[in-house]
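Engineer: my questions concern the predicted model and sequence given below.
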Amino acid sequence: MYTIEDLSQAKKRKDLIEIALNKGMPVNKALQNLRYEEELRLLQIEMVNFQRWVKKNGIRVAVIFEGRDAAGKGGAIKRFKQHLNPRSTRVVALSKPTDVEKGQWYFRRYIKELPNPGEIVLFDRSWYNRAVVEPVMGFCNQQEYNQFMVQVPGFEHMLYEDGVKIIKFWFSISKKEQKKRMDSRLLNPLKKWKFSPVDQKGQELWDKYTYYKEHMFAKTHSTFSPWIIVKANSKKTARLESMRYVLSQFDYSGSHKSKTTILPDPNIVQRYFRQIEQIDI
């Protein structure tokens, strides 16, 4: 424990750290959190610079966050947008389709949410609901699923040709980590709203999710719209590295002056390929 004398002598944070280390106090976790907060701050500064460049040049950016339930998608999106101008940044998290939308072309409800020139849109789940969640939970039939899988590469190629920059993240967590996070949600009154019957089925239908996930990668991973796998057992690491990946994909003004690296760790963020070592198989 710090004494009154210790606190009076300490002028800066590094002085407190030095005193703690000399006394053998367990500060490793606190130091890790401090490093995380500082890295997050620097990357969020870069995100602000990036957004300014996107706005000035009329770029259209869509970042898709996919993954199993409790993979950390929402937490990552929160950090992405935390300090961005809300006038040119949107989060899209659509609820289940209405009866009218069910009678329309599946992609129509997503097309109207795509970014306008100078805008960044963050999709908390996307049209890929039909590739994994819907067939697993029985929310679509086989014909609807097959039609989607045939159409989605062409749909994304049209967006690519029209100049929309799409980044597709899959946040990958282990079965053990998913259970730990779901149990935590049930115990936290501030997070209970995140838990749903669909989440509860996540553990029971783990292998079925894996089957459809692998089919999705095989059918929809392309050179113009690749899947980017983020190892997300560590929420904080996943947030930082996914942010770095987005920044690394653009030659925005001032990127070379960044006070932290904007190149993602290749051990955490990888482009999908069949032999990649995944943690949510």
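Structural biologist: Looks like it came in fine. Residues are numbered from 1 along each chain as shown.
Engineer: and the strands in this protein?
Structural biologist: 60-67, 89-92, 119-124, 164-172, 227-231, 269-271 (DSSP state E).
Engineer: show me the contact partners of the last one.
Structural biologist: Residues from elsewhere that reach strand 269-271 (CB atoms under 8 Å, 6 or more residues apart in numbering): 226-231, 241-242, 244-245, 276. (Glycine included, C-beta is placed from N, CA and C.)
Engineer: by neighbour count, which of those wins?
Structural biologist: With neighbours taken as other CB atoms under 10 Å, the top of the contacts of strand 269-271 is residue 242, carrying 28 neighbours.
Engineer: burial measure for residue 126, as a count.
Structural biologist: Look at residue 126: counted by other CB under 10 Å, it has 21 neighbours.
Engineer: including distance to residue 108 and mean pLDDT, could the strands of the chain go into TSV?
Structural biologist: Converted to TSV, these look like this (distance: least, CB to CB, whole Å; pLDDT from 0 to 100):
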stretch	distance to residue 108	mean pLDDT
strand 60-67	16	98
strand 89-92	14	98
strand 119-124	15	98
strand 164-172	16	98
strand 227-231	24	97
strand 269-271	30	96
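Engineer: mind putting those in CSV, distance to residue 98 included?
Structural biologist: Rendered in CSV, the data for the strands of the chain read as follows (distance: least, CB to CB, whole Å):
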stretch, distance to residue 98
strand 60-67, 22
strand 89-92, 16
strand 119-124, 19
strand 164-172, 25
strand 227-231, 29
strand 269-271, 36
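Engineer: quick one: closest of these to residue 133.
Structural biologist: Between residue 133 and the strands of the chain, the shortest separation by CB to CB is 9.4 Å, and it involves strand 60-67.
Engineer: quick one: strands adjacent to the closest one?
Structural biologist: strand 119-124 (parallel), strand 164-172 (parallel) (DSSP bridges).
Engineer: the longest one: how far from the chain's middle?
Structural biologist: With CA atoms, centre = their mean, to the nearest Å as the basis, strand 164-172 stands 8 Å off its chain's centre.
Engineer: make 44 the starting number, not 1.
Structural biologist: Okay, residue one is now 44; in that scheme the one you just asked about reads as strand 207-215.
Engineer: from the rest of the structure, what touches it?
Structural biologist: Outside of strand 207-215, the residues that reach it under the criterion CB under 8 Å, 6+ apart are 102-111, 114-116, 119, 157-158, 171, 199, 202-203, 256, 260, 268-275, 281, 285, 288-289, 292-293, 315, 321-323.
Engineer: coming back round to it: can you redo the contacts of strand 312-314 as a markdown table with distance to residue 81?
Structural biologist: Putting the contacts of strand 312-314 into a markdown table (distance: CB to CB, whole Å) gives the following:
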| residue | distance to residue 81 |
| --- | --- |
| 269 | 31 |
| 270 | 30 |
| 271 | 25 |
| 272 | 26 |
| 273 | 21 |
| 274 | 22 |
| 284 | 15 |
| 285 | 18 |
| 287 | 14 |
| 288 | 19 |
| 319 | 30 |
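Engineer: need the max-distance pair from these.
Structural biologist: Going by CB to CB, the two entries of the contacts of strand 312-314 that are most distant from one another are 287 and 319, at 18.7 Å.
Engineer: quick revisit: how about the strands paired with strand 103-110 in TSV, adding mean neighbour count and distance to residue 92?
Structural biologist: Putting the strands paired with strand 103-110 into TSV (neighbours: other CB atoms under 10 Å; distance: least, CB to CB, whole Å) gives the following:
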stretch	mean neighbour count	distance to residue 92
strand 162-167	22	13
strand 207-215	22	17
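Engineer: how about those, which one is nearest residue 183?
Structural biologist: Smallest distance to residue 183 across the strands paired with strand 103-110 (CB to CB): 18.7 Å, for strand 162-167.
Engineer: roughly how far is the closest one from the heart of the chain?
Structural biologist: Centroid separation between strand 162-167 and its chain, computed with CA atoms, centre = their mean, is 11 Å.
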